[in-house]
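**Student:** Okay, sequence plus prediction incoming.
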Amino acid sequence: MDEYIMVLTTTDSKEVAEGIAERLVEKKLAACVQIIGPIKSVYRWKKKVEKAEEWLCFIKTRASLFSELERVIKQIHPYEVPEIIALPIVNGSSDYLDWLQRETES
C-alpha cells in the first residue's frame with residue numbers, strides 16, 4: 001500500500017486555486033482538493049512583513065506523486081516561491097484511503 005499525504009499550497013485568487021485543483025484532479029495527481037478562503041496570511045518576504053488575502057488548497061494524494069504534483073503546481077502558480085508542503089496522513093478510513101488510491105492511479 002502506498003503512503004498518503006496532504007499537500008498544502010496557497011495562492012492569491014480563488015480562480016488560480018480552482019485552476020490548480022482542476023488540473024491536479026484531471027491528471028489524477030490528486031483525488032480531492034479542498035479550497036478554503038479567503039484567509040489572511042502574514043509572512044516575511046524580501047525583508048518586509050507582508051499581509052495578503054489568500055486561498056488555501058488541501059490536496060489529498062499519494063506520496064509517490066509528490067514530485068509530479070509539485071511540477072504541475074509550479075507551472076500554474078503565480079508566486080515566485082509558492083508554498084508547497086506535504087504532511088503525512090498517518091491514518092484514515094480504509095474506504096477513503098482505498099478511494100484515494102483508485103482516484104490517483106493511471
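**Tutor:** Cool, the structure landed.
**Student:** CA only for contacts and neighbour counts going forward, please
**Tutor:** OK.
**Student:** Paired strands for the helix or strand hosting A52, with orientation please.
**Tutor:** In this structure, A52 is located in strand 48-62 according to DSSP states H and E. When pairs are called by DSSP bridges, strand 48-62 turns out to pair with strand 4-11 (antiparallel), strand 32-45 (antiparallel).
**Student:** Report the angle between the next helix or strand after the first one and strand 32-45.
**Tutor:** This points to strand 4-11. The element immediately downstream of strand 4-11 (helix or strand, assigned by DSSP H and E) is helix 14-26. Here helix 14-26 runs at 130 degrees with respect to strand 32-45, directions being taken by axes from the mean of the first three to the mean of the last three Cα atoms, to 10 degrees.
**Student:** just to revisit the earlier point, any idea of the mean pLDDT for the strand holding A52?
**Tutor:** Mean pLDDT, computed over strand 48-62, is 98.
**Student:** Show me what stretch 98-106 is in contact with.
**Tutor:** Stretch 98-106 is contacted by residues D2, K28, L29, A30, A31, C32, K60, T61, R62 when judged by Cα atoms under 8 Å, 6 or more residues apart in numbering.
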